[in-house]
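S.K.: Sharing a model that was predicted from the sequence below.
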Amino acid sequence: MASDQTDLTLDRGLHYGHGLFETILFVRKKCLLYDWHLARLVEGCRRLDIQLSEALVIEKLKAVLESFDTGVVKLIVTAGQGKRGYASERGAGPNILVIPHDICFKSNNLIYKHKLLRAKLCSTRLARQPLLAGMKHLNRLESVLAANELRDTRFQEGFLLDSEGLLIEAVSGNIFLYDSKSQVLLTPPLTYSGVAGVMRQFLVDQQSVHGIQIEIKPLTLDDLDRSSEVFITNAIAGIQPVVGFDGKRWALGPVTIRLQQFLNRKWQAIFSERQFL
């Protein structure tokens, strides 16, 4: 149930997709990536001209966490109510919805579920729009269309190219390729399309800690074919290895395992600290 019962019939998020959302994992009322979620949300609100109060976001989350322990919280921020027409009104306050979803983990020791994924290439192509690129905005129809291509149960994930044929992301997360020759982890830039995932940014920011060099560069399907390890990241599932794509097979490699272990150590450190919010 949402923590805010605001009438949404005139909400700009509902009418025009004028808003953003974060999907946040809480375990025992604690969150590994809160700072990264907040940074992306604040930057997205700036770009979409939405007036956001961090204090109000924390207030809404705390209200939900009073009766919620472990699971996924969907935080939606819209540009609020407005008149008919595309143009937004200056000074309009946002609507904030917090929707909790209970989940449980089989092990307290292994926070993230490490599935082995088989992927296909989606026919849906991502449009290039630098004004929206990187944001987790409410216009997710490309993701819906791509996800509908995964009804074939042989595949658990799909890779997405942009209109220029560059590899951008997966349906449910960002993509990383490990090049064993250069010993560098590669991930594509999100300048023109795609979502800048918080787990992706976390791994980039933590390079000096986990010790694996990450390079952001344009990637193609040829780069994918030459890679020795492939994995997908998102805030809920963590790091998920890809073991098959278009006849190509990969083993669960040492770099992927090392980063999975790094994430779990980070979680264990957080469990020994104070309550997060």
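M.R.: Thanks, I have the structure now.
S.K.: so residue 238 sits right up against residue 263, yeah?
M.R.: Yes - applying CB atoms under 8 Å as the test, residue 238 and residue 263 come out as touching, 5.4 Å apart. Backbone N, C-alpha and C define where each C-beta goes, glycine included.
S.K.: what sits against the residue nearest in space to the middle of the chain?
M.R.: Nearest to the geometric centre of the chain sits residue 197, at 3.8 Å (CA atoms, centre = their mean). If you count contacts by CB atoms under 8 Å, 6 or more residues apart in numbering, residue 197 has them with 173-174, 233-235.
S.K.: try 6 Å
M.R.: 173-174, 234 (CB atoms under 6 Å, 6 or more residues apart in numbering).
S.K.: before we move on, what about residue 252?
M.R.: residue 241.
S.K.: Helix or strand: which one has it?
M.R.: In the assignment (DSSP states H and E), residue 252 maps to no helix and no strand.
S.K.: follow-up on the earlier one: which residue comes closest to the residue nearest to the centre of the chain once chain neighbours are left out?
M.R.: The shortest distance from residue 197 to any non-neighbouring residue, by CB to CB, 6 or more residues apart in numbering, is to residue 174 (4.4 Å).
S.K.: same question, residue 82
M.R.: Spatial nearest neighbour of residue 82, chain neighbours left out: residue 12 (4.9 Å); criterion: CB to CB, 6+ apart.
S.K.: What about the contacts of residue 197, which are in strands?
M.R.: 174, 234 (DSSP state E).
S.K.: just to revisit the earlier point, quick one: the residue nearest to residue 197 and residue 190, what's the gap?
M.R.: Residue 174 is 8 Å from residue 190, where distance means CB to CB, to the nearest Å.
S.K.: More neighbours: the two, which one.
M.R.: residue 174 (23 against 19; other CB atoms under 10 Å).
S.K.: correct me, but that one touches residue 200?
M.R.: Yes - Residue 174 is within contact range of residue 200, at 4.0 Å (criterion: CB atoms under 6 Å).
S.K.: Please enumerate the shared neighbours of these two.
M.R.: Counting by CB under 6 Å, 6+ apart, the residues touching both residue 174 and residue 200 are residue 233.
S.K.: The helix or strand hosting residue 72 pairs with which strands, parallel or anti?
M.R.: Under the criterion DSSP H and E, the helix or strand holding residue 72 is strand 71-78. Using DSSP bridges, the strands paired with strand 71-78 in its sheet are strand 19-26 (antiparallel), strand 95-102 (antiparallel).
S.K.: picking up where we left off before, can you tell me how far the residue nearest to residue 82 is from residue 98?
M.R.: Distance from residue 12 to residue 98, by CB to CB: 18 Å.
S.K.: rewinding a little: okay, the contacts of residue 197 in a markdown table with pLDDT next?
M.R.: What follows is these, written out as a markdown table (pLDDT from 0 to 100):
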| residue | pLDDT |
| --- | --- |
| 173 | 97 |
| 174 | 98 |
| 234 | 94 |
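S.K.: per-residue pLDDT, the residue nearest to the centre of the chain?
M.R.: Reading off the confidence values, residue 197 has pLDDT 97.
S.K.: now residue 271
M.R.: At residue 271, pLDDT is 72.
S.K.: contacting residues around residue 196?
M.R.: 134, 190.
S.K.: brain fart, residue 173
M.R.: 197, 232-234.
S.K.: ok, now with 10 Å
M.R.: 117, 157, 195, 197, 199-200, 231-240 (CB atoms under 10 Å, 6 or more residues apart in numbering).
S.K.: Closest one of these to residue 21?
M.R.: When the contacts of residue 173 are compared for distance to residue 21 (CB to CB), residue 195 wins out at 10.7 Å.
S.K.: so how far is residue 139 from that closest one?
M.R.: Taking CB to CB, one finds residue 195 at 11 Å from residue 139.
S.K.: hmm, back to that, the residue nearest to residue 197 and residue 199 touch, don't they?
M.R.: Yes - if you go by CB atoms under 10 Å, residue 174 and residue 199 touch, sitting 7.2 Å apart.
S.K.: and the contacts of residue 197 as a markdown table, adding distance to residue 19?
M.R.: Output for these, formatted as a markdown table (distance: CB to CB, whole Å):
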| residue | distance to residue 19 |
| --- | --- |
| 173 | 21 |
| 174 | 22 |
| 234 | 20 |
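S.K.: Out of the contacts of residue 197, which comes closest to residue 166?
M.R.: Comparing the contacts of residue 197 against residue 166 with CB to CB places residue 174 closest, at 13.9 Å.
S.K.: Appreciated, that's everything.
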